[in-house]
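> below are the sequence and a predicted model for it; my questions follow.
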4 protein chains.
Amino acid sequence: MRKGAKPVDIEVVIARVKDLECEVQMNIGTERTVIAVLGANTGELDTGVFEVLPNVEQVVRMQKPYKLASRDFKKDNSVVKVGNIEIGGNQLVTMAGPCAVEDRETTLACARLAKKCGAQFLRGGAFKPRTSPFAFQGLGEEGLKILAEARDETGLLIVTEVTSEQDVQLIAGYADILQIGARNMQNYRLLDAVGKAHKPVLLKRGLTATIDEWLMAADYILRCNGDQPNVILCHRGIRTFDNSTRFTFDVGVIPVLRQLTHLPIITDPSHTAGKFQYVPSYAKMAVAGDTDGLIIEIHPNPKKALCDGAHSLTFSDFARLCSELRVLALAAGRSM
Amino acid sequence: MRKGAKPVDIEVVIARVKDLECEVQMNIGTERTVIAVLGANTGELDTGVFEVLPNVEQVVRMQKPYKLASRDFKKDNSVVKVGNIEIGGNQLVTMAGPCAVEDRETTLACARLAKKCGAQFLRGGAFKPRTSPFAFQGLGEEGLKILAEARDETGLLIVTEVTSEQDVQLIAGYADILQIGARNMQNYRLLDAVGKAHKPVLLKRGLTATIDEWLMAADYILRCNGDQPNVILCHRGIRTFDNSTRFTFDVGVIPVLRQLTHLPIITDPSHTAGKFQYVPSYAKMAVAGDTDGLIIEIHPNPKKALCDGAHSLTFSDFARLCSELRVLALAAGRSM
Amino acid sequence: MRKGAKPVDIEVVIARVKDLECEVQMNIGTERTVIAVLGANTGELDTGVFEVLPNVEQVVRMQKPYKLASRDFKKDNSVVKVGNIEIGGNQLVTMAGPCAVEDRETTLACARLAKKCGAQFLRGGAFKPRTSPFAFQGLGEEGLKILAEARDETGLLIVTEVTSEQDVQLIAGYADILQIGARNMQNYRLLDAVGKAHKPVLLKRGLTATIDEWLMAADYILRCNGDQPNVILCHRGIRTFDNSTRFTFDVGVIPVLRQLTHLPIITDPSHTAGKFQYVPSYAKMAVAGDTDGLIIEIHPNPKKALCDGAHSLTFSDFARLCSELRVLALAAGRSM
Amino acid sequence: MRKGAKPVDIEVVIARVKDLECEVQMNIGTERTVIAVLGANTGELDTGVFEVLPNVEQVVRMQKPYKLASRDFKKDNSVVKVGNIEIGGNQLVTMAGPCAVEDRETTLACARLAKKCGAQFLRGGAFKPRTSPFAFQGLGEEGLKILAEARDETGLLIVTEVTSEQDVQLIAGYADILQIGARNMQNYRLLDAVGKAHKPVLLKRGLTATIDEWLMAADYILRCNGDQPNVILCHRGIRTFDNSTRFTFDVGVIPVLRQLTHLPIITDPSHTAGKFQYVPSYAKMAVAGDTDGLIIEIHPNPKKALCDGAHSLTFSDFARLCSELRVLALAAGRSM
């Protein structure tokens, strides 16, 4: 309560708390009164419910606003199983491939290299969310078929993005992991739809999502999951004042997430860097910092790529990086 | 080009430019060479196309990446007509109403007050995008019917949010303006869908959208509009390091937008402030700063509102604000 | 406390609170225990003192960390008197002049125009903090003498920047208001030194200072001031992801500051805009938003200015703006 | 130039360029004209010089605004020698110690542990810049004497912060490296003063400094250095919207700096994390990411520390971290 709040102001707050079926506990200090609101579901209350009352100075949430993603809800790390691969176990996973599925030949070449370098997943967008309506929008189902062919040949599992509720069924028929891109992290209707598809979901962090918002977005999917959490978090850079890289590399969230959530964490060094030169360094930081895996863009000829060539690794750079990462992972007490 | 770039590096860039059917012009300085890429559609090229080439230091876009929203494309201010109301003319418009349509009685009370205070539009969400899956999600079609009833009674036009492609048809049957919320500003599939509904669209700025991204999002809708642009931009605060308000009030974009785009601009002071105490002050700034209108949350009893009560104005505060704004608008050379 | 904290963890916190001569009050909820720390000086405690203890989840400050600048400390608005001018009263003040004092002629021309347009203060830098060591650094004492001559001729009071403790005495001999620039807002030794000079201080907000940090910086000066607060706050834009203007216009802090502090508030639209085209619009927003005054850069020939010409108003633009602002100030219930 | 700029506008720009003794080269495109300004010192020109001219749309800097810090100026990595220690060579350096020098006993205990764990430097503040004027401000010269005693006993070199020009002489008499804190990164008078002291300087990045600003700040010092660059950059977190840690860990700048500058880079994981739990993880990321060293806060009893206890490592945590880092450094191809 504000300094100088009157007894009647305090009574109004108490009455509102009772209305909402919570309990109060009073702290009457020398300077001001603090009212604690107690109850099992206070995490779900909007703080505005109290901010609007007279002479309330500040409302501070002690309970986390997310639930199913919280380590309070599930103490041990979750391991998401995709086919026979575990994400979140001791072994780091590698997802590699082109930004967009451009054609059969390039995609198969990427898949073969990814397989050879030890990757478990092939990534590639068939439905691309593009900032400009005039840019290449992806091959659609044709792209999904090419991904499936690459899986058949190499055994790699497929991770690909979903940008619309209307495509969920179609894409779930081809993909092993459904990816929600950063721009759709708070597209709640889409989160609901992928949750109901009962497939593992790679949930990218929004460009300026707080950790609370990210884990609440995970909750949208998790509440469709039953006992087996099927969400993999993926950090991919945040937008800040610093424009020396495409996005600011937010690798520092890893130990924070480890305290707050049981979900596995994947790092995308490619989109955050925006330049292929920085990708190896970013990948190494993430491995030393305890990520559960990497998702990296590769291309046989980045100079000819239809999108995001600037941050794609060439095949030789990617092969070299993979061996360097393996050494680091061992030094960090994990395998890769 | 980087200092020390070799002739062969420069030839590679020139070749790539020719590939893309553009022209080059060379600037050979004492320190470094700058290559200008010329062509009618360079605004649509990804800068990565050149960043990836050897010894390219920096790629700078001179052409705007958006097109239809640009003042280069259309020189005069666009006026969006909704019923017999013009948005973007000399008279400012007012949109007022509750955050969510909670029930018939509250909504009708808001509509009557809005009408009495001179507003032209009733706002209110029937489909609410909520950060937490456990929060109140809106009344759905039942809410739309209540809005329609309020229109029948008061003559106010209806602006309401669309959160899914699947609802566009339904909502377009009731609403006069379709609102795209900040979290969906880059939900491109939804932008396509509302563009095809041939209704005016209120396009809110994403929490951390740059102006380029916002105007490219407008382009998604505008390319379905034909000759008559039907997009109204709405700024509603951005996310920054400063958390003294819910979002940082981005009213400073108004004169910037006036230079770059012909589209009308509406200000949402309620969501940015987060506290009703700041709303009148923010509304006044926007009017003095040449906005085309305001969208304001009101509630007969904010203390009981199911969502966003903390920034809703009471009826008496809203009525007082409206008369103060009218005086300011006149002082600023416009009417309201 | 974290969920699952043990009684011994709670005892450790209680013991630390007692050590620091504060009191505790316990809130034992169904999910977790919250410990309130009570005492007159908790605003001065570092939250880290408790964050470091085992199973403490979060430490939230209820008391403001600043003191003398707070409205809790002084309820009524402070009016800072400079000569016979009051800053923070009903009449808005205008400060105008060139970015840097370049020469006698330009400075006198600016002063005469400022006077004619109704300004009370002449601004101009004699000691310039420049981002690059190779840029023009100001005329030093020579510049101060020119400012003094302009005061003698026009009666305008002088506001000029101090960038070093070693210059405080010298500058205080010429200036009526000492300005602390944004980059020095947390140069605590300089704050101390200007505080001891017993002159009014215009304290600019740091590029990314929170309001708490800004008001704590004010406290450094205020504790040297005795009974008459001598600090004027000046907002001048913040750094965010949005680079469509030089800095993001932070005019939205005005109503927030009005709640938190008794100090007067001045707006600098020139440095935030970075382009003269936006300055009039920004000045109007601030006047409608209840600022106590404006500090604006003018130049007889911005195209030839040695620094910051891009956001200086020409004489005719400034004269026109002043008359428009006077109308707006009246409409907003104040004079100018 | 803006689309539709007239020949006379272009002539005005060309005349201004000639005035400033630079050359122009014209690019006349289908949509707009681009004028390249060529000359050896264009990096020192203010872009505003041209922005202010009629129908200039945008001014883009191709030349870096910093000079001496640039890799264009000096191609090979600089190694800063302090006593017999090299910073920027193959071996990573470790700087450890308490946040503030609180007393003789604690400081000596820290020094002994740091030595035992392989550190080369003892850190500790004698003059502390504190956000609040009411917080502990450091022991002053008494603190410097304690640091010197610790050096005498252990052989560790001393790094300590300078917060005022007036203290430079005094502190340079005791310290081996002068530290400029984040809040003083743009205190140009202080940069000048430490430059003239001819001691190595650890230059921390400002909370929201861009890389250009940081390297221009380095230029202030470097131009006093003669042939042997004596500046060590230290990144320590930036301020963003994300407040899940004290500052956002900006480790991603390392590969960016490697491209732009020849100066060595040190990482401060303690201040960025704000919580000791995250420090080991952040230190590991930096080592894997090719930092030249770490500066880490340690304290024998963080629970009793007078400042920043929350992010200080205990002695056992620090010892364990040092051995883990050594393994990682080897895996990354360096020694520690």
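Looks like it arrived, so ask away.
> and the end-to-end length of stretch A:220-233?
End-to-end distance of stretch A:220-233 (C-alpha to C-alpha, to the nearest Å): 13 Å.
> and it, does that touch chain B?
Yes: if you take C-beta under 8 Å from any C-beta of the partner chain as the test, stretch A:220-233 does meet chain B, through A:Tyr220, A:Arg223. Bear in mind the C-beta positions are built from the backbone N, C-alpha and C, glycine included.
> what does stretch A:191-210 give?
Yes: legend: contact between stretch A:191-210 and chain B by C-beta under 8 Å from any C-beta is shown at A:Leu207, A:Thr208.
> show me what counts as buried in that stretch.
A:191-195, A:197, A:199-210 (16 or more other C-beta atoms under 10 Å in any protein chain shown).
> give me the mean pLDDT for it.
The predicted model assigns stretch A:191-210 a mean pLDDT of 96.
> ok now it, how far from the chain's centre?
Averaged C-alpha coordinates place stretch A:191-210 at 7 Å from its chain's average position (C-alpha atoms, centre = their mean, to the nearest Å).
> that stretch: end-to-end distance?
Stretch A:191-210: ends 17 Å apart by C-alpha to C-alpha.
> right, is stretch A:282-300 up against chain B?
No: applying C-beta under 8 Å from any C-beta, one finds stretch A:282-300 separated from chain B by no less than 9.3 Å.
> does that stretch come close to chain D?
Yes: using C-beta under 8 Å from any C-beta, we find that stretch A:282-300 touches chain D at A:Tyr282, A:Lys284, A:Met285, A:Ala286, A:Val287, A:Ala288, A:Gly289, A:Asp290.
> so which of those residues wins on neighbours?
Using other C-beta atoms under 10 Å in any protein chain shown as the neighbour test, the residues of stretch A:282-300 next to chain D are led by A:Met285, with 31 neighbours.
> can you give me the helices in the stretch 1-150 of chain A?
A:7-19, A:48-51, A:104-116, A:141-154 (DSSP state H, counting those that start in this stretch).
> which residue packs closest to A:Cys224, ignoring adjacent ones?
Among residues not flanking A:Cys224 along the chain, A:Gly195 sits closest, at 3.3 Å (C-beta to C-beta, 6 or more residues apart in numbering or on different chains).
> next: A:Gly48.
B:Ala310 (3.2 Å).
> would you agree the one you found falls within a strand?
No: applying DSSP: H, G, I helix; E, B strand; the rest coil, one finds B:Ala310 to be helix, outside a strand.
> state the pLDDT value of A:Ala135.
76.
> can you tell me how far it is from A:Cys307?
A:Ala135 sits 7 Å away from A:Cys307, going by C-beta to C-beta, to the nearest Å.
> which neighbours do the two have in common?
Common contacts of A:Ala135 and A:Cys307 (C-beta atoms under 8 Å, 6 or more residues apart in numbering or on different chains): B:Asp46.
> more neighbours: these two, which one.
A:Cys307 (22 against 16).
> give me phi/psi at A:Ala286?
Here the main-chain torsion angles of A:Ala286 (degrees, to the nearest 10) amount to phi -70, psi -40.
> beta partners of the nearest residue to it once chain neighbours are set aside?
Leaving aside its chain neighbours, A:Ala286 sits nearest to A:Thr267 (3.8 Å; criterion: C-beta to C-beta, 6+ apart). Note on A:Thr267: beta-bridge partners by DSSP bridges are A:His235, A:Leu294.
> quick one: contacts for A:Ala96?
Contacts of A:Ala96 by C-beta under 8 Å, 6+ apart are A:110, A:113-114, A:117, A:119, A:121-123, A:295-298, A:318.
> how near is A:Pro65 to D:Val162?
44 Å.
> send the alpha carbons of stretch A:102-121 over as CSV?
Provided in CSV are the C-alpha atoms of stretch A:102-121 (Å, rounded to 0.1, in the frame of the first residue of the first chain):
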residue,chain,number,x,y,z
GLU,A,102,14.7,-25.2,-51.8
ASP,A,103,14.9,-28.3,-53.9
ARG,A,104,15.4,-32.1,-53.7
GLU,A,105,19.1,-32.2,-54.5
THR,A,106,20.3,-29.5,-52.0
THR,A,107,18.1,-31.0,-49.2
LEU,A,108,19.4,-34.5,-49.8
ALA,A,109,23.0,-33.3,-49.9
CYS,A,110,22.5,-31.5,-46.5
ALA,A,111,20.9,-34.6,-45.1
ARG,A,112,23.8,-36.8,-46.1
LEU,A,113,26.3,-34.5,-44.7
ALA,A,114,24.4,-34.0,-41.4
LYS,A,115,24.2,-37.8,-41.1
LYS,A,116,27.9,-38.2,-41.7
CYS,A,117,28.7,-35.6,-39.1
GLY,A,118,26.7,-37.4,-36.5
ALA,A,119,23.5,-35.3,-36.5
GLN,A,120,20.2,-37.0,-35.5
PHE,A,121,17.8,-34.5,-37.1
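> name the residues of that stretch that are buried.
Buried residues in stretch A:102-121, counted by 16+ other C-beta under 10 Å: A:102, A:106-115, A:117, A:119-121.
> do stretch A:76-86 as well
Applying a neighbour-count criterion of 16+ other C-beta under 10 Å, one finds A:Ser78, A:Val80, A:Val82, A:Ile85, A:Glu86 buried in stretch A:76-86.
> pretty sure the third one contacts A:Asp176?
Yes: contact status for A:Val82 versus A:Asp176: in contact at 5.3 Å, counting by C-beta atoms under 8 Å.
> helices of the stretch 201-336 of chain A, start to end?
With DSSP H, counting those that start in this stretch as the criterion, the stretch 201-336 of chain A has helices spanning A:211-222, A:253-260, A:269-273, A:279-288, A:315-331.
> make JSON lines from those helices and add distance to B:Arg239 to it.
Formatted as JSON lines, these follow (distance: least, C-beta to C-beta, whole Å):
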{"stretch": "helix A:211-222", "distance to B:Arg239": "10"}
{"stretch": "helix A:253-260", "distance to B:Arg239": "16"}
{"stretch": "helix A:269-273", "distance to B:Arg239": "18"}
{"stretch": "helix A:279-288", "distance to B:Arg239": "24"}
{"stretch": "helix A:315-331", "distance to B:Arg239": "33"}
